[in-house]
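>>> Would you be able to build a 3D model of this:
(chains A and B)
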Amino acid sequence: MSFFAELGLAEPILRALETKGYNDPTPIQRQAIPALLQGRDLLGIAQTGTGKTAAFSLPSLHRLAANPQPRKPASCRMLVLSPTRELAAQIADNMKGYARNLNMSVDCVFGGVPVGKQARRLVPGVDILVATPGRLLDLIDQRALTLGRTEIFVLDEADQMMDLGFIHALKRVANLLPKTRQSLFFSATMPKAIEDLGKQFIVNPVRVEVAPNSTTAERVEQYVTFINQAEKQALLTLRIRALLASKELDRALVFTRTKHGADRVVRHLSSAGIDARAIHGNKSQAQRTAALEAFRQGSCPVLVATDIAARGIDVSGVSHVFNFELPNVPEQYVHRIGRTARAGADGIAISFCAPDEKPYLKDIEKLTRVKIDTMGLPENFMAEAAKLPAPSRKPAEMEQDARRDARDARGNGGRGAGGQGRGGEGRGGQNRNSQAHGGRAQGRDGRPRDVSPRQERRDGGAADRGPVRNPVLEATLNGGEREDGNKPRRFRPRGAPGVGAHKHKVRRAS
DNA sequence: AAAAAAT
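Just a heads-up that it's a prediction; the model follows:
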């Protein structure tokens, strides 16, 4: 008999766990499951890779199954929100596994794919719905879904979901949920200010914390190499080449600060003969899915990502995490390196730190209370670097596209309608390129774009950036206080000159 | 300052 049985989980759930080969509950599961079975609200803080998904899934499934309800049209009994599409899909997959012996439907909805099919699937209602915020609200606005019968509300990566960019959507969703419900918030990091903000969504929560706030996974060996920005690319290429040659590297995840940066790194690695793919928010959903899948399956050993992949993504065999640039939010470092050393494995995290990034490194070391060891440059670095081939040039037309996009994002917001429908409904995952080049999304000059959802995203962003970024409005929403603990930022219209002099002081008051 | 998330 498994130790999960002692927690009081129902037999069909125990059998599903057996199938998966799970015997021992992790610490967060051991602490969270009894409280959740009682119906308590919960604030769960745990390192990555500690089984958070099961911690909220198992007791929730148990409670839903213990109180069976006929399915109600356009409603869900349990709602799970995730900050990225990939994470939502992963959570839904896991939950389907846990629910396999129960008569319980699990569905997942997110943007970047046709909405029609999703809306139709919701017509009879589902038991468990995993979603990203934008598409969820879209479906609600279309009357494809109501939340009036939702019994359990789960917020994964809760700290990120309460960040400026998400808080609006979150508040809307929370207002649509019944007052009496069970709410569960999970995250690996939970800054105090965010935790306070969360209290308006959650009632007298049990607080479960299995590791000190913001600690990094123990089994990750962490290193930092001090290097100029201009030399980072050569260093990354040489390091990965050597690690691949010596078979030390199974899979490597490389984090960059920007989407363009991720593409640039991929071009450099590719021209050096290293198979790498990029995943970031400017890629079409099909490209994102394909890149992650190739990385999972092992056909592509190097995935270059923005922070889109920093959280939650669970790929086994990630032996190395490279921080090509250091994250400026120190919590993000914890999430990033948590992509390695998952489920008992070891991992190595190597960060490249340019002179101007040293303050970030300091913040990270302060947060994690770890002094990160220095890793020197490889032997003959300069000579070896000089031998590397020049990267394939980014096509000039892409540069033009980028400039035009920037202009569009500043100016007219009125494109929206052009991006409709593009015949995607029946189409499966692959071959989405032809779609991007097909029905829609040519530039104004009619040239097809490399990436389909970008333009819409930009416009949408421009349209709602004003209110979301407005600290005055934020303060109002938060009851008169800036909840993030930062000094209010001055609202500045796009394109207006900034206040660069404060750059460093603003970042961290304490 | 960047990234993510709807069309």
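>>> Let me know the helix or strand that the residue lying farthest from the centre of chain A is in.
Of all residues in chain A, A:Ala383 sits farthest from the chain's C-alpha centroid, using C-alpha atoms, centre = their mean; the distance is 38.2 Å. Assigned by DSSP states H and E, A:Ala383 belongs to helix A:381-387.
>>> from the middle of its chain, how far away would that helix be?
Using C-alpha atoms, centre = their mean, to the nearest Å, the mean C-alpha position of helix A:381-387 is found 36 Å from that of the whole chain.
>>> Can you name every helix or strand that it contacts?
helix A:229-245 (3 or more C-beta pairs under 8 Å, 6 or more residues apart in numbering; DSSP states H and E). For every residue, glycine as well, the C-beta is placed using N, CA and C.
>>> How about the very next helix or strand once past the helix it packs on and DNA strand B, touching?
Once helix A:229-245 ends, the next helix or strand along the chain (criterion: DSSP H and E) is strand A:251-255. No - taking C-beta under 7 Å from any atom of the strand as the criterion, strand A:251-255 and DNA strand B are apart, separated by no less than 10.1 Å.
>>> quick one: contacts of strand A:251-255?
Residues lying outside strand A:251-255 but in contact with it, judged by C-beta atoms under 8 Å, 6 or more residues apart in numbering, are A:236, A:240, A:243, A:262, A:265, A:276, A:295, A:298, A:301-307, A:309-310, A:315, A:317-325, A:327, A:336, A:339-340.
>>> Now go through those and say which are in strands.
Assignment to strands by DSSP state E places the following of the contacts of strand A:251-255 there: A:276, A:302-305, A:318-323.
>>> could you dump those to TSV with neighbour count, distance to DNA strand B and pLDDT?
Converted to TSV, the ones in strands among the contacts of strand A:251-255 look like this (neighbours: other C-beta atoms under 10 Å; distance: C-beta to the nearest atom of the strand, whole Å; pLDDT from 0 to 100):
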residue	neighbour count	distance to DNA strand B	pLDDT
A:Ala276	24	16	97
A:Val302	24	17	97
A:Leu303	26	13	97
A:Val304	28	11	97
A:Ala305	26	8	96
A:Val318	24	18	92
A:Ser319	18	23	94
A:His320	23	21	96
A:Val321	25	17	96
A:Phe322	26	16	97
A:Asn323	26	14	97
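>>> which among those residues gets closest to A:Pro391?
The shortest gap between A:Pro391 and any of the ones in strands among the contacts of strand A:251-255 belongs to A:Ala276, at 11.6 Å (C-beta to C-beta).
>>> wait, isn't that closest one in contact with A:Ala305?
No - applying C-beta atoms under 8 Å as the test, A:Ala276 and A:Ala305 come out as separate, 10.6 Å apart.
>>> my read is A:Glu221 is in a helix, agree?
No - with DSSP: H, G, I helix; E, B strand; the rest coil as the criterion, A:Glu221 is assigned strand and is not in a helix.
>>> Around it, how many other residues sit close by?
16 (other C-beta atoms under 10 Å).
>>> mind listing what it touches?
Going by C-beta under 8 Å, 6+ apart, the list of residues near A:Glu221 reads A:346-349.
>>> what's the farthest-apart pair in these?
In the contacts of A:Glu221, two members sit farther apart than any others by C-beta to C-beta. They are A:Asp346 and A:Ala349, at 10.9 Å.
>>> Which of these two has more residues huddled nearby?
Of the pair A:Asp346 and A:Ala349, A:Ala349 is the one with more neighbours under other C-beta under 10 Å, namely 25 against 11.
>>> Check for me that the more buried one belongs to a helix.
No - applying three-state DSSP, one finds A:Ala349 to be strand, outside a helix.
>>> pLDDT wise, what is it at?
Looking at A:Ala349, its pLDDT is 95.
>>> A:Ala65 too?
Looking at A:Ala65, its pLDDT is 97.
>>> Output the contacts of A:Glu221 in a markdown table, with distance to DNA strand B appended to each entry.
Output for the contacts of A:Glu221, formatted as a markdown table (distance: C-beta to the nearest atom of the strand, whole Å):
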| residue | distance to DNA strand B |
| --- | --- |
| A:Asp346 | 28 |
| A:Gly347 | 22 |
| A:Ile348 | 24 |
| A:Ala349 | 19 |
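>>> show me the contacts for A:Leu129.
Each residue near A:Leu129 by C-beta under 8 Å, 6+ apart is listed here: A:76, A:78-80, A:106-109, A:122, A:145.
>>> how does it look with 7 Å?
A:Leu129 makes contacts with A:76, A:79, A:107, A:109, as judged by C-beta atoms under 7 Å, 6 or more residues apart in numbering.
>>> Would you reformat those as a markdown table and include pLDDT?
Rendered in a markdown table, the data for those read as follows (pLDDT from 0 to 100):
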| residue | pLDDT |
| --- | --- |
| A:Cys76 | 97 |
| A:Leu79 | 98 |
| A:Asp107 | 97 |
| A:Val109 | 97 |
